[in-house]
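Trainee: Quick one, what's the 3D model for this:
(chains A, B and C, ligands or ions: 5)
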Amino acid sequence: MTPLLDITDLSIRFRTDDGELRAVDGVSLQVAEGEVLGVVGESGSGKSVTALTVMGLLAGDAAVTGQVRYRGADLLTMDPTKRRALCGPELAMVYQDSMAVLNPTMTVGRQIAMVVRHHRGGTKKAAMERAAEMLDLVGIPDVRARVADYPHQFSGGQRQRILIALALCCEPRLLIADEPTTALDVTVQAQIVELVRKLRSELGMAVVWVTHDLGVLAGLADSVAVMYAGRVVERGPVDTIYAGPRHPYTEGLLRSLPRLDAAGERLTAIPGGLPDLTQPIPGCAFSPRCGWSTEHCTEERPDLHEIETLHASACFRAAELPAGLPADPDEPAVRPVEVMHR
Amino acid sequence: MSSALVTPAVPVVRSARGRFEAWRRFRRHRMAVLGLAVLATIALAVLVGPLLIGYDSETIALASKNQPPSLAHLMGTDELGRDQLVRVLDGGRLTLSVAVSAVVFSLVVGVVVGAVAGYVGGALDNVLMRVVDVFYSLPSLFVVILLVILVGAGFWPIVTAIALFSWMNTARLVRASYLTLKQREFVEAARGTGVGHLRIAVRHILPGALGPIIVTATLGIAAAILSESALSFLGLGFQPPQATWGGLLYEAQRPVVSLGHWWRGLFPGLMIFLVVLSVNYVGDGLRDAVDPKRRRS
Amino acid sequence: MTDDVLVRASGVGKHFPVRRGVLRRTAGAVRAVDGVDLDIHRGEIVGLVGESGSGKSTLGRVLLRLLEPTAGAVTFDGTDLTGADRHVLRRVRPRMQMVFQDPYSSLNPWMTVGATVREALDVNGIGAQAGRDRRVGELFDLVRLDRRMVERMPHELSGGQRQRVGIARALATEPEFVVADEAIAALDVSVQAQIVNLLRDLRAELGLTYLFITHDLAMARYLCDRIAVLQLGRIVEIGPAADVAERPRHPYTAALLSAVPLPDPPRERARTRLVLSGELPSPAAPPPGCRFHTRCPFATDVCRTQEPVLTSESSGAVACHHHNELAAELHAITTGS
Ligand SMILES: Nc1ncnc2c1ncn2[C@@H]1O[C@H](COP(=O)(O)OP(=O)(O)OP(=O)(O)O)[C@@H](O)[C@H]1O
Ligand SMILES: Nc1ncnc2c1ncn2[C@@H]1O[C@H](COP(=O)(O)OP(=O)(O)OP(=O)(O)O)[C@@H](O)[C@H]1O
Ligand code: SF4
Ligand SMILES: [Mg+2]
Ligand SMILES: [Mg+2]
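Mentor: Ligands and ions are numbered 1, 2, ... in the order given. Next comes the predicted model:
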């Protein structure tokens, strides 16, 4: 079966003053019909840029290579008009940047109604009804009155929910959600997750859910892809990855979490940060921060390879990982040495 | 501490980067670059051209009157035997100075009024917008005529008269930009770090209003050239023998229609057309250049 | 004890007028914050949790006088900020800062991020002119951003990178009090951990005080000394972080806790939750009685008619008519059994 969305060897480079920045470097991802793929990864690892490329909305001076096939047709080479027609009823996205999507001078009700009418026609009144219904579904209280409000009159989380309503109003076949619930409290988040689950089981909607909230993915995703420095470093079924991560970065992520049931002195952060993406990275991009790193890791780049069925990792030492980590690198992640004295 | 943290001290070269970026974005527009080149050529030509050509724009030479374009007279001559090329270049200098001055003048007024109205809001906004309405509703031509009669024709009266009735669009658009942008969180954030109102209005919001400002400026140049022609047409602009593009075009009406002296109309018209078109393309390019997020389409 | 209160809110309210119709006539008000009393002590980290739209950001803004309260008063280090004039505010502003919730709209899109941070130094005259660029670099190091990013425009950064620029800007003026509004929400967990550790270190070294607005209860539990729970503009529970997170006394807190997703797929899927149902109350017309009663599974008649007041308990305070009877039940819900 051909997957619904099939990204192969996608690379995205930005021209910057410091030279070419490889924001995405050979990413391949597949999403099947009705599947929920969770994408997690370091901040700046290329998640949003990948999502925007699928939607054809990348800003700036970027060179894009590779293929993004949606139901067999390559979106990157598709005729722009045809592609735009897909956005809405087929593909829809919840953007991380709410103010770039919402028009500050138009009431939110009208904005949603406009999208509805554009794709589905119908009367203004029916579209407005649909808008109100969607806003209600995402849990905006007092909808009747609030459809006439402007974006800046909503709280951060409410704006995010308006975006979700906007994306879901045409019942897309594939939803790409870029950190859709970061600004939401847990109860509303649970409500949104429930809504997405429902749409998925009723309409077979597939979802790419970009987040750093490993908890949400645990309950929602079928499979997970972990990104680091523009590449996918691990992917597999959600249970497998959480129970037995096979990449040191994934492992570190899971250990960085504060737990409600345990209050430690310090959070175990992964020391260091993302490498400079304008410089060529000869070996494993994670090696400067990795407790497992060997000389081999700094010289050759590990490719994503399958270690068990459906579970792939881009780490040379993936097989050894379950045995447990070597000595703990017990170094404070951030040392506030540079704080000026008053 | 990991080595990733030890990065060399990089100076924060402000604005220089922004300017370079803007130029890069501008350059992506072929037509804008071409327009800029055309404008530069025309500007250079009207400034130094007349000095290089052997004719004077006001010397009458009846022996060579009404000649079509030739090597001696590239744009032909008029009914008094004056060289058209020199007259077009000379007139261009005046027309362009009037247009640019009027646009600058009206932009300053429009931006200040719009920014104050939009930023301060409330009663002041109301008052200023009523003033705008009043200016819209005044019979502008009538007032201009009155003004020119009272003060007398001349460069500054004409510039002032044109500017006085062309700043309102800018004011409205700038006000609208300020109204929406001042709601944005980054303005609040700046206020929170202690940035004063003037600096917020100028440094934080004005760049966001540049798009509409450029649009009105481009339209303004064309409108100013036309207004100046209209004044000349009414005999209230610059008086012959002083040439302007509008004036030349006006004088050409009869010769073109009844005598078939096409060159009389073609060249001044072509110049106006070229300038207006180029300014529009340059405006497009500028609009992209000042918007860092604009996508290429 | 009173003199080490850095920020005090007494009876603070913020109502936004609701305008309707073509004439935009005022037709009621959204009571975003409604009668909040809160003392924040020097060096303390107070967590502010609550559902989306409950007024957390608004309260944060009012405390910093980015918004003028419509009721009550806010004092900062003994200075009354309500109705304070420009000169007073100018003096106080750099001492209190906010990290904004939305990293996309809180950075000026026409300025490089370095210039944004530097502006905070410039307008407050911090450090010598010449040293400011270096200081900007140091701030970038502090929030774990590559120094070369000072030259970037906001749209060239990822969400998490922008968020860190916002944190750097807030720290630039060396404030004593920081309102961190979902400051780490846009960051992946490993950077979150770094930043949270940084915030803790800054407090230890400089005695910084924070109001930490979050929806991540695990993080609040971990980082904060006290947690305040906001619901429809009112504090419904406040107390030491461990108590609130482990032995909630308000059903709403328990509901929040039981909705925290666990990073453990089988357990997460199998979990029983206190799911809230019932009508979402409107902040423009809060229900009579307890504001939570429309969704509270334990509501009784008294809840529907009488508004519970925030009553002090052993270590905190709670506003629920039945908090005594419910203690055991709520505890069971929180532990997920
Ligand atoms: N227009 C641009 N010009 C230059 N660099 C860019 C541009 N857009 C993004 N980048 C860079 O590309 C990288 C990937 O960015 P992206 O927004 O995809 O990150 P992300 O994974 O979504 O992170 P986050 O979780 O923080 O949102 C970042 O290092 C960012 O700085
Ligand atoms: N400028 C405004 N005009 C009208 N209503 C507003 C305005 N700002 C906020 N509100 C309303 O006030 C209420 C509280 O908003 P606030 O931003 O404080 O919520 P919050 O607790 O921060 O929520 P979130 O977690 O979603 O950010 C919301 O109902 C919101 O719609
Ligand atoms: S390849 Fe080496 S450096 Fe990279 S993650 Fe694996 S062990 Fe670490
Ligand atoms: Mg992102
Ligand atoms: Mg908020």
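Trainee: For the stretch 51-200 of chain A, give the residue positioned nearest to ligand 3.
Mentor: Closest to ligand 3 within the stretch 51-200 of chain A is A:Gly66: 23.0 Å, counting by C-beta to the nearest ligand atom. C-beta here means a position set from N, CA and C on the backbone, and glycine is covered the same way.
Trainee: Any residues of the stretch 201-342 of chain A in contact with ligand 5? List them.
Mentor: By C-beta under 5 Å from the ion, no part of the stretch 201-342 of chain A sits against ligand 5.
Trainee: tell me which element B:Gly285 falls in.
Mentor: Taking DSSP states H and E as the criterion, B:Gly285 maps to helix B:262-289.
Trainee: Show me which residues of that helix are buried.
Mentor: By neighbour count on 16 or more other C-beta atoms under 10 Å in any protein chain shown, the buried set for helix B:262-289 is B:263-268, B:271-272, B:275-276, B:278-289.
Trainee: returning to that earlier point: am I right that the residue of the stretch 51-200 of chain A closest to ligand 3 sits in a strand?
Mentor: Yes - assessed with DSSP: H, G, I helix; E, B strand; the rest coil, A:Gly66 lies in a strand.
Trainee: give the contact list for it.
Mentor: Counting by C-beta atoms under 8 Å, 6 or more residues apart in numbering or on different chains, A:Gly66 touches A:7-11, A:26-27, A:76.
Trainee: repeat that with 10 Å
Mentor: A:7-12, A:24, A:26-28, A:53, A:74, A:76 (C-beta atoms under 10 Å, 6 or more residues apart in numbering or on different chains).
Trainee: and the residue positioned nearest the centre of chain C, what does it touch?
Mentor: Among the residues of chain C, the one closest to the centroid is C:Ile213, at 2.3 Å (C-alpha atoms, centre = their mean). Contacts for C:Ile213 (C-beta under 10 Å, 6+ apart) come out as A:156, C:46-50, C:56-57, C:59-60, C:98-99, C:101, C:179-183, C:185, C:220, C:228, C:230.
Trainee: Narrow the residues you listed to those in helices?
Mentor: If you go by DSSP state H, these have A:156, C:56-57, C:59-60, C:220 in helices.
Trainee: check those against ligand 5, which are close?
Mentor: Among the ones in helices among the contacts of C:Ile213, the residues within reach of ligand 5 (C-beta under 5 Å from the ion) are A:156, C:57.
Trainee: re earlier: average pLDDT across the helix holding B:Gly285?
Mentor: Across helix B:262-289, pLDDT averages out at 83.
Trainee: which helices and strands does that helix pack with?
Mentor: helix B:16-27, helix B:30-52, helix B:84-120, helix B:206-233, helix B:245-254 (3 or more C-beta pairs under 10 Å, 6 or more residues apart in numbering or on different chains; DSSP states H and E).
Trainee: List the buried residues of the third one.
Mentor: Yep, that's helix B:84-120 we're talking about. Result for helix B:84-120 [16+ other C-beta under 10 Å]: buried residues B:84-96, B:98-103, B:105-107, B:109-111, B:113-119.
Trainee: Which elements pack onto it?
Mentor: Using 3+ C-beta pairs under 10 Å, 6+ apart: helix B:84-120 touches helix B:30-52, helix B:122-137, helix B:155-164, helix B:168-181, helix B:197-199, helix B:206-233, helix B:245-254, helix B:262-289.
Trainee: Just the closest residue of the stretch 1-150 of chain A to chain C, please.
Mentor: Proximity to chain C, evaluated over the stretch 1-150 of chain A using C-beta to the nearest C-beta, is greatest for A:Ser43 at 2.7 Å.
Trainee: Tell me, how many residues neighbour the residue lying closest to that residue once chain neighbours are set aside?
Mentor: The shortest distance from A:Ser43 to any non-neighbouring residue, by C-beta to C-beta, 6 or more residues apart in numbering or on different chains, is to C:Gly160 (2.7 Å). As a burial measure, C:Gly160 scores 28 neighbours (other C-beta atoms under 10 Å in any protein chain shown).
Trainee: what's C:Gly160 in contact with, if anything?
Mentor: C:Gly160 sits next to A:42-45, A:47-48, A:96, A:179, A:212, A:274, C:103, C:144-145, C:184-188, C:191-192, C:195 when contact means C-beta under 10 Å, 6+ apart.
Trainee: go again using 7 Å as the cut-off
Mentor: The contact partners of C:Gly160, by C-beta atoms under 7 Å, 6 or more residues apart in numbering or on different chains, come to A:43-44, C:186-188, C:191.
Trainee: How much space separates it from A:Ser45?
Mentor: As judged by C-beta to C-beta, to the nearest Å, C:Gly160 and A:Ser45 stand 9 Å apart.
Trainee: how about the contacts of C:Gly160, which pair is most distant?
Mentor: The most widely separated members of these are A:Gly44 and C:Ala186, with 11.1 Å between them, by C-beta to C-beta.
Trainee: mind listing the strands for the stretch 51-200 of chain C?
Mentor: C:71-76, C:79-80, C:96-99, C:177-181 (DSSP state E, counting those that start in this stretch).
Trainee: Sorry, slip of the keys, the one I care about is chain A.
Mentor: For chain A, applying DSSP state E gives strands covering A:5-16, A:19-31, A:36-41, A:62-70, A:73-74, A:91-94, A:174-178, A:206-210, A:223-228, A:231-237, A:305-308, A:311-313.
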